[in-house]
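Undergrad: my questions concern the predicted model and sequence given below.
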Amino acid sequence: MSTGAHPHPITEIAPQNLEAERSVIGILIANNKLIPTAADRLTPKDFHDKRHVTIYQKILDLNTEGTSVDPVTLSDALQGTDGALEVLDNIELFDCGGLDAHISIVKRRADKRRDIERMEGLVGQCLNGLESEELADELRTLSESISGRDYLDNNPILSLPTGAKFANEYPNQEVPWLIDRVLPAGGITIIHAPGGGAKSFFSLFIAAAVSDGKSLCGINTCKAPVLLIDFENPAPILAKRVMKVEAYPVKIWHNGHDPEPPRLDSDGWQVIENHLAPGTLLIIDNLRLGHMGEENDSGHMALVLSKIRRIRDKGISVLLIHHNNKNAATPTFRGSTAILDGADHVLSLDRVGEPDGTSKGTFRLQSSKTRWGVTDLTFEIDFEAGTIGKGSSPESDILDEVGKIIDDLTQEIKRSPVQSEILGRAGSKLGLSDYKIRQLLEKGAKRELWFVIQEYDRGPKLYRREGCEVPQLRLSSVATPNPHESTAPEGA
């Protein structure tokens, strides 16, 4: 029986993760659309902190009533509760994905607490002389469950989920973006550039935008906690840059701190794995200085990337800053191909044109590998002022013109235009060859500036812009012959 000396006689501290509990609450307040998802998987009793239990219950109650859940309505609902209002004031609101990872952590801790409580009850029965073979078997099962082992022959394969169960845990989920078309949430992103190529400065713009939830040059940005580990820049220079870009909410672990930040291949990396909260954006500047091994050693780099993948799979987004290979004919980053294999989204940051002697520069950000979507953006950076703006490139301008032509044709003919109609209009308006326009149409489709519909092989291609409200007619309404049908005249 419990003596009351601590929460559980079997463990010193009841299994819990209060940071994950607060994160679930913060995400639900920021995005009410996710409340039904949480309600299906978590009950108020799954929370360990009684104040979190109260807050979560009020969130469910307000949502059931059809009332918007925000800091004002929730504070009003919590009036008179014991300590819940004070906790609510310290919960950070962010909507950056990662809800499933947070819920899983809270649920696992709750399940383990219940196992421990059940085990205590069984131990009590045994102490009271009610031993039986069934009790002994259940105690053994609970003991092995609590310690994280499968109760059947210690075989973890037996406890793996089926495809159906695994798919049900992630129903129709799209991977969200922390910064739309720039930085995916829950992925490993690499930005590489030559030495002095603005990659550190650019990463600070990203850190400032994400930590504050403000858009990056008008690009949708999701708010999330940010930790920057800087192995490269001198502290005074980093401090000056932080002030210029106003990256004040960002947590910074500089190489000059005591203790110094852990290397990826050191035992100290366990601090990051064990304590960094899911949903955080971790920026490492730079990858080469972030470990003590040889970057051309594929075995060592595979080990480094495996550690990064482990924290990614816990719901942490990772941005690695890396240098270009100086000897490559085309811009690519240094080191083993294991780095590329382990990354999810790889971006090159390249200066457009030569430096003009001012503090300003134009830079193009392009993806060379992606599991999400193509990135191709141009930015104008003023290093002295610490500002960044959306730039333009000749190709991007032309793609915008082609998009406008698709929009105009859609409105005129009341359906999505076929390629031949776009070729005719763009050829006369832009003075480009059919070959060049086809190339632009293909690039625009890859960047998802428009979508291509083709009902059968070699059939006509329809081009549709996202958000178009014109009814989309089937290809059969387009007077283009089907190559699989005979076009010979009657009587031939």
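TA: That came through fine.

Undergrad: is residue 463 part of a helix or strand, or is it coil?
TA: Applying DSSP: H, G, I helix; E, B strand; the rest coil to residue 463 yields a three-state assignment of strand.

Undergrad: you'd agree it is up against residue 415?
TA: No - in this structure, residue 463 is not within contact of residue 415 by C-beta atoms under 8 Å, at 10.6 Å. For glycine as for every other residue, the C-beta is placed from the backbone atoms N, C-alpha and C.

Undergrad: neighbour-wise, which of those two wins?
TA: The neighbour comparison of residue 463 against residue 415 (other C-beta atoms under 10 Å) goes to residue 463, with 25 against 20.

Undergrad: the helices in the stretch 301-450 of the chain, which residues?
TA: With DSSP state H, counting those that start in this stretch as the criterion, the stretch 301-450 of the chain has helices at 337-342, 394-413, 419-430, 434-446.

Undergrad: out of those, nearest to residue 253?
TA: Residue 253 lies closest, by C-beta to C-beta, to one member of the helices of the stretch 301-450 of the chain: helix 337-342, at 22.1 Å.

Undergrad: so what does that closest one touch, helix or strand wise?
TA: Packed against helix 337-342 by the contact rule (3 or more C-beta pairs under 8 Å, 6 or more residues apart in numbering; DSSP states H and E) you find helix 298-312.

Undergrad: low-confidence ranges, this structure, go.
TA: Along the chain, segments meeting pLDDT under 70 span 1-14, 95-97, 126-133, 135-137, 139-159, 169-175, 327-331, 392-394, 455-456, 466-492.

Undergrad: let's see that with 50 instead.
TA: Along the chain, segments meeting pLDDT under 50 span 1-12, 149-154, 468-492.

Undergrad: which strands and helices sit next to the top helix by length along it?
TA: Longest helix in the chain, counting residues (DSSP state H): helix 99-127. In terms of contacts (3+ C-beta pairs under 8 Å, 6+ apart), helix 99-127 is packed against helix 18-30, helix 35-41, helix 133-146.

Undergrad: which positions in that helix come out as buried?
TA: In terms of neighbour count (16 or more other C-beta atoms under 10 Å), helix 99-127 has its buried residues at 99-106, 109-110, 112-113, 115-116, 119-120, 122-123.

Undergrad: just checking, residue 223 touches residue 213?
TA: Yes - between residue 223 and residue 213 a contact is recorded at 2.9 Å, counting by C-beta under 8 Å.

Undergrad: if we can go back for a sec, any chance of a markdown table for the helices of the stretch 301-450 of the chain, columns distance to residue 386 and mean neighbour count?
TA: Listed next are the helices of the stretch 301-450 of the chain as a markdown table, based on distance: least, C-beta to C-beta, whole Å; neighbours: other C-beta atoms under 10 Å:
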| stretch | distance to residue 386 | mean neighbour count |
| --- | --- | --- |
| helix 337-342 | 30 | 17 |
| helix 394-413 | 25 | 16 |
| helix 419-430 | 37 | 16 |
| helix 434-446 | 33 | 16 |
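
Undergrad: can I get the ones you listed in JSON lines with distance to residue 43?
TA: As requested, the helices of the stretch 301-450 of the chain are exported to JSON lines (distance: least, C-beta to C-beta, whole Å):
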{"stretch": "helix 337-342", "distance to residue 43": "38"}
{"stretch": "helix 394-413", "distance to residue 43": "48"}
{"stretch": "helix 419-430", "distance to residue 43": "54"}
{"stretch": "helix 434-446", "distance to residue 43": "45"}
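
Undergrad: and the ones you listed: which comes nearest residue 38?
TA: Smallest distance to residue 38 across the helices of the stretch 301-450 of the chain (C-beta to C-beta): 31.5 Å, for helix 337-342.

Undergrad: send me the closest one as CSV with only the CA atoms.
TA: Listed next in CSV are the C-alpha coordinates belonging to helix 337-342 (Å, rounded to 0.1, in the frame of the first residue of the first chain):
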residue,chain,number,x,y,z
THR,A,337,26.4,11.6,-50.1
ALA,A,338,25.1,10.2,-46.8
ILE,A,339,24.3,13.8,-45.9
LEU,A,340,22.1,14.1,-49.0
ASP,A,341,20.5,10.7,-48.3
GLY,A,342,19.6,11.7,-44.7
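
Undergrad: hmm, who's touching it?
TA: Here helix 337-342 makes contact (C-beta atoms under 8 Å, 6 or more residues apart in numbering) with 188, 190, 287, 295, 298-299, 301-302, 305-306, 308-309, 322, 333, 346, 369.

Undergrad: show me how to select, in PyMOL, the buried members of those residues.
TA: The buried residues among the contacts of helix 337-342 can be selected in PyMOL (16+ other C-beta under 10 Å) with this line:
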select buried, resi 188+190+287+295+301+305+308+322+333+346
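
Undergrad: out of the contacts of helix 337-342, which is nearest to residue 27?
TA: Using C-beta to C-beta, the contacts of helix 337-342 come closest to residue 27 at residue 188, 21.7 Å.

Undergrad: how far away is the closest residue to residue 362 other than its chain neighbours from residue 395?
TA: Nearest residue to residue 362, sequence neighbours excluded (C-beta to C-beta, 6 or more residues apart in numbering): residue 352, at 4.2 Å. Look at residue 352 and residue 395: by C-beta to C-beta, to the nearest Å, they are 11 Å apart.

Undergrad: go on, residue 46?
TA: For residue 46, the distance to residue 395 (C-beta to C-beta) stands at 51 Å.

Undergrad: next: residue 346.
TA: Counting by C-beta to C-beta, the gap from residue 346 to residue 395 is 20 Å.

Undergrad: thinking again about what came up before, overlap in contacts, residue 223 and residue 213.
TA: residue 94.

Undergrad: which of these two has more neighbours?
TA: Taking other C-beta under 10 Å, residue 223 and residue 213 do not tie; residue 223 has more neighbours (21 against 16).
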